[in-house]
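Chemist: just a sequence and a predicted model for now, questions to come.
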Amino acid sequence: MKYIGIIPARHASTRFPGKPLALLGGKPVIQRVYEQVSTLLSATYVATDDDRIYQAVLSFGGQAIMTSPSHKSGTDRIEEAMQKIGDGYDVVVNIQGDEPFVRQEQITSLCGCFEDPSTQIATLGKPFETMEAAENPNSPKIVVDNNGYAMYFSRSVIPFVRNKERNEWITSHPFLKHLGLYAYRREVLSEITSLPQSSLEIAESLEQLRWLQNGYRIRVAITEQETVGIDTPEDLARAEEFLRHILSESK
């Protein structure tokens, strides 16, 4: 099996313009992401619509490909990139361009799902540690079946735990946080990017619900490790502190 990683990266961002090129420990954020995953996969590319990002990736020795600025999602951008890269890869891994601390073990777990030939799409889930975290609508929740496949994703807390006080829910049920890493079989990626938006996707603003609503199955690998995403300049400051902590521990 040949796995290719694609890191979609835009320069435009409402909350943090130019985020991929922001420096984290002296390196652009996009370089941090690329270096975390590139040694694990058969190939890795940054897919971008901005020449500044494209040139930055080439300057640190990475591979990049230019894509249209009109894409509404990273998944669509990845499909265009794969059309330009060509055949030869079995599984495409979608790596978020603002996750500089993505763990190599997480990528390995994601790819391991495809050892089962029935796996179409895979993603990651992590148990919530507090009820307060589970109630954050910016952290989508997953409900999985007994075989490890997603039944539903929601911004609401699901399931509802009946006959328990709200503060007891976290110890009554293993609420699962969705981490936005995906992998798709190459042919499945082409299929799902041709689908129109679905009613559930529009309601929750979660792209993966389009795939579920159209009958695709999403296998969920469980990780105990958190990712540290960067959405705002304040997040970057926290990431800088997190990096210093990691480097001091490694000495």
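Modeler: Thanks, I have it. Residues are numbered from 1 along each chain as shown.
Chemist: need the contact list for the residue nearest to Glu135 when sequence neighbours are not counted.
Modeler: Using C-beta to C-beta, 6 or more residues apart in numbering and skipping residues adjacent in sequence, the residue nearest Glu135 is Val157, 5.7 Å away. Bear in mind the C-beta positions are built from the backbone N, C-alpha and C, glycine included. Each residue near Val157 by C-beta atoms under 8 Å, 6 or more residues apart in numbering is listed here: Ala134, Glu135, Lys141, Trp169, Phe175.
Chemist: and what of Pro174?
Modeler: Applying C-beta under 8 Å, 6+ apart to Pro174 gives the contacts Pro127.
Chemist: try it again with 10 Å
Modeler: Contacts for Pro174 (C-beta atoms under 10 Å, 6 or more residues apart in numbering) come out as Gly125, Pro127, Phe128, Val144, Ile222.
Chemist: what about the residue of the chain most remote from its centre, which helix or strand?
Modeler: Taking C-alpha atoms, centre = their mean, the residue of the chain most remote from its mean C-alpha position is Asn163, at 34.7 Å. Element membership of Asn163 [criterion: DSSP states H and E] is none; it lies in no helix or strand.
Chemist: check it and give its pLDDT.
Modeler: Listed pLDDT for Asn163 reads 94.
Chemist: ok, it - contacts?
Modeler: Listed by C-beta under 10 Å, 6+ apart, the contact partners of Asn163 are Ser172.
Chemist: what are the phi and psi values at it?
Modeler: phi 70, psi 20 (degrees, to the nearest 10).
Chemist: can you give me the strands for this structure?
Modeler: 3-9, 23-24, 27-28, 43-48, 64-66, 91-94, 121-127, 141-144, 150-154, 176-185, 218-222 (DSSP state E).
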